[in-house]
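Structure here, sequence nowhere to be found:
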C-alpha cells in the first residue's frame with residue numbers, strides 16, 4: 001500500500017510539473033522573412049541567441065555531399081567585422097560558450113552568454129548571416145578540420161559507419177542516402193565559387209529562425225533584433241523543398257558492411273518509417289521504449305539478461321523531416337549467430353504486433369514520456385532548440401506545449417497496430433555489420 005501511494009504521488013507530481021512547464025513565447029516575422037521567437041525566463045542571468053537554418057545534408061548536390069556540415073564549421077571562420085579566428089575568443093572573453101550542429105534537415109548555431117551580453121550575441125549572429133567571409137584560406141582550413149573529424153568520429157570509430165551503411169541501402173531516391181559528414185572527395189573537388197553559391201542560396205533570413213531565450217526584456221530585445229537583422233536582404237533564390245518519394249520496401253533487403261575497427265559483428269535490422277511530424281512516428285518512439293529502454297525492457301531482459309545471447313541490444317526510431325528509419329541492433333555474445341539473434345528479436349516484435357501490452361506496462365510507459373517531456377524543457381538551452389525545431393521542422397511552435405498530449409492520447413491498440421504496420425520482415429533491411437576480412441584473420 002505504501003508503494004502504491006508513493007507511486008500515485010509520483011504520478012501526480014509529474015502531472016503538476018508537466019503542466020507547470022508550459023513554455024510562453026512571442027513570435028513575429030521581419031520584412032526580410034526572418035522568423036523571430038522570444039522566450040523570457042528570468043530564473044538565471046543567462047541568454048541564448050540561436051539561429052536555425054533550414055538546410056541540411058538533404059539539400060546538397062549528390063556530387064557535392066558534405067556542404068551543410070562543412071558550413072557548420074566554415075561560418076565560424078570570421079566575418080567582415082570579426083577577424084579570422086576571433087569568434088571563439090570574443091565569446092569566451094565575454095563569459096560565453098557556443099556551438100553548432102548539422103543534421104540531414106537543418107543546421108543550428110547558438111551562443112550562451114551572461115544576460116548583459118545579449119546585444120553582443122545578436123550582433124554576432126547577424127554578422128554570421130550578413131557578412132560571412134568565405135575565402136580560400138577558410139575553405140582550406142576547414143577542409144582539414146572536417147577530414148580530421150571524419151577520421152576521428154567515423155572512419156576510426158568502432159561502428160562509426162553504421163547509420164551511413166543503413167541509409168545508403170535504405171534510400172535509393174531521397175538524399176537521406178548519404179550522411180551529413182559527406183564525401184571528402186566531393187569537398188576536395190569543390191570550388192570556392194560553389195561554396196559561395198551555397199551560402200548565398202541557403203544562409204538567408206527567409207530560410208532561418210532566430211530564437212532568443214532567457215533573461216531578456218521583450219521591448220529591448222525586439223529593438224535590437226530589428227537593429228541588427230532588419231536590414232539584411234532577403235534571399236533571392238526559390239527555396240521550395242524538392243520532394244523525393246521512395247518506393248515501398250516489399251521484399252527483405254540484405255547487405256553487408258565491413259568495419260576494420262571492430263571485432264564483434266553487429267546485427268542491424270532497419271525499417272523505413274514515416275516523417276517525424278506524423279502520429280505514427282510518436283507511437284514508434286513508444287515502441288522503442290518498450291523494446292529497449294532500460295534493463296526491464298523486453299529485448300534487454302530476455303536476450304541480454306536471461307538468455308545471455310547479446311552483449312548489447314537496442315531499438316530506436318531515427319526520426320527525420322521526410323522519412324524515418326527504425327533501427328533494431330544487437331551485439332551477439334560468444335557463439336550466438338546473427339540469425340539466432342534475429343530470431344529472438346523477431347519473436348518480441350511479433351508479440352507487440354499480436355498482443356496488447358499490459359495496463360501496468362502502459363502506465364509505466366506513459367510515466368517515462370511525461371518525465372522525458374519535463375526534462376526536454378528543463379533548461380533554457382533545451383527550450384531554445386525545441387522552439388526552433390518545432391517551428392522549422394514541424395511547422396507548429398506550440399508543439400513545445402502540446403506534443404505531450406499526443407503521447408498521452410496514444411492507446412495500447414495503436415502500439416500494436418503501428419508495430420504491425422511498419423515492423424514486418426518483408427519491409428526491412430538486414431545489415432550484417434561485420435569485422436573487415438583482413439581484421440578477422442589477424
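It's in. Note that this is a predicted model, so its numbers are computed, not measured.

Quick check: what element follows the one helix or strand residue 402 maps to along the chain?
If you go by DSSP states H and E, residue 402 is part of helix 399-409. Once the chain leaves helix 399-409, the next helix or strand it forms, by DSSP H and E, is helix 412-422.

In contact with residue 37, which residues?
25-27, 209-212, 387-388, 391, 397 (Cβ atoms under 8 Å, 6 or more residues apart in numbering). For the C-beta atoms, the positions are set from N, CA and C on the backbone; glycine is no exception.

Any idea how many residues pack against residue 411?
11 (other Cβ atoms under 10 Å).

ok, it - contacts?
For residue 411, the contact set (Cβ under 8 Å, 6+ apart) is empty.

next one: the one 10 residues further on
Going by Cβ under 8 Å, 6+ apart, residue 421 touches residue 280.

all strands of the stretch 301-442 of the chain, in order?
Under the criterion DSSP state E, counting those that start in this stretch, strands of the stretch 301-442 of the chain are mapped to 310-318, 323-332, 428-435.

Among those, show me which one is buried the most.
strand 323-332 (a mean of 22; mean count of other Cβ atoms under 10 Å).

helix or strand for residue 150, which one?
Per DSSP H and E: helix 136-150 holds residue 150.

now residue 241, what's its secondary structure?
Look at residue 241: counting by DSSP: H, G, I helix; E, B strand; the rest coil, its state is coil.

hmm, I was thinking of residue 24
Per three-state DSSP, the secondary structure class of residue 24 is coil.

I'd say it and residue 42 touch.
No. Assessed by Cβ atoms under 8 Å, residue 24 is found out of contact with residue 42, at 11.8 Å.

where does the stretch 1-150 of the chain dip in pLDDT?
1-21 (pLDDT under 70).

Tell me where it has helices.
In the stretch 1-150 of the chain, the helices defined using DSSP state H, counting those that start in this stretch lie at 2-20, 67-74, 87-93, 118-130, 136-150.

show me the residues around the most centrally placed residue in the chain that make contact.
Centroid-nearest residue in the chain, with Cα atoms, centre = their mean: residue 103, separated by 6.1 Å. By Cβ under 8 Å, 6+ apart, the contact set of residue 103 is 56-57, 180, 320.

of all these, which two lie farthest apart?
180 and 320 (11.1 Å; Cβ to Cβ).

Which residues are in contact with each of the two?
Jointly contacting residue 180 and residue 320 under the rule Cβ under 8 Å, 6+ apart are 103-104.

export the strands of the stretch 301-442 of the chain to CSV and tack on distance to residue 349?
Output for those, formatted as CSV (distance: least, Cβ to Cβ, whole Å):
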stretch, distance to residue 349
strand 310-318, 9
strand 323-332, 8
strand 428-435, 10
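
got the phi/psi numbers for residue 377?
phi -110, psi 20 (degrees, to the nearest 10).

Relative to residue 26, how far out is it?
For residue 377, the distance to residue 26 (Cβ to Cβ, to the nearest Å) stands at 17 Å.

related to what we said a few turns ago, if you count contacts, what does the helix holding residue 402 end up packed against?
Packing partners of helix 399-409 (3 or more Cβ pairs under 8 Å, 6 or more residues apart in numbering; DSSP states H and E): helix 279-292, helix 359-376, helix 380-389.

what packs against the first one?
The one in question is helix 279-292. Counting contacts by 3+ Cβ pairs under 8 Å, 6+ apart, helix 279-292 packs against strand 266-274, helix 298-299, strand 310-318, strand 323-332, helix 338-354, helix 359-376, helix 399-409, helix 412-422.

In a markdown table, list these along with mean pLDDT.
Converted to a markdown table, these look like this (pLDDT from 0 to 100):
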| stretch | mean pLDDT |
| --- | --- |
| strand 266-274 | 97 |
| helix 298-299 | 96 |
| strand 310-318 | 95 |
| strand 323-332 | 97 |
| helix 338-354 | 96 |
| helix 359-376 | 94 |
| helix 399-409 | 95 |
| helix 412-422 | 98 |
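
For residue 98, which of these is the nearest?
Ranking these by proximity to residue 98 (Cβ to Cβ) places helix 359-376 first, at 21.2 Å.

The closest one: which residues count as buried?
By neighbour count on 16 or more other Cβ atoms under 10 Å, the buried set for helix 359-376 is 361-362, 364-366, 368-370, 373, 376.

Just give me the closest of those to residue 152.
Set against residue 152, the nearest of the buried residues of helix 359-376 by Cβ to Cβ is residue 376 (28.6 Å).

Would you check that the closest one makes contact with residue 387?
No. Between residue 376 and residue 387 there is no contact under Cβ under 8 Å: 11.5 Å.

List the buried residues in the helix holding residue 402.
399-401, 403-404, 407.

again, but for stretch 121-140
121-130, 132-134, 138-139.

How far away from the center of its chain is that stretch?
Distance, stretch centre to chain centre, for stretch 121-140: 24 Å (Cα atoms, centre = their mean, to the nearest Å).

what do you get for stretch 118-129?
25 Å.

Now do the strands in the stretch 101-250 of the chain.
Counting by DSSP E, counting those that start in this stretch, the strands of the stretch 101-250 of the chain are 107-114, 208-214.

Would you format these as JSON lines with distance to residue 83 and mean neighbour count included?
Listed next are the strands of the stretch 101-250 of the chain as JSON lines, based on distance: least, Cβ to Cβ, whole Å; neighbours: other Cβ atoms under 10 Å:
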{"stretch": "strand 107-114", "distance to residue 83": "17", "mean neighbour count": "22"}
{"stretch": "strand 208-214", "distance to residue 83": "24", "mean neighbour count": "27"}
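
Bridged to residue 259, which residues?
With DSSP bridges as the criterion, residue 259 is bridged to residue 435.

For residue 428, see how far away it is.
21 Å.
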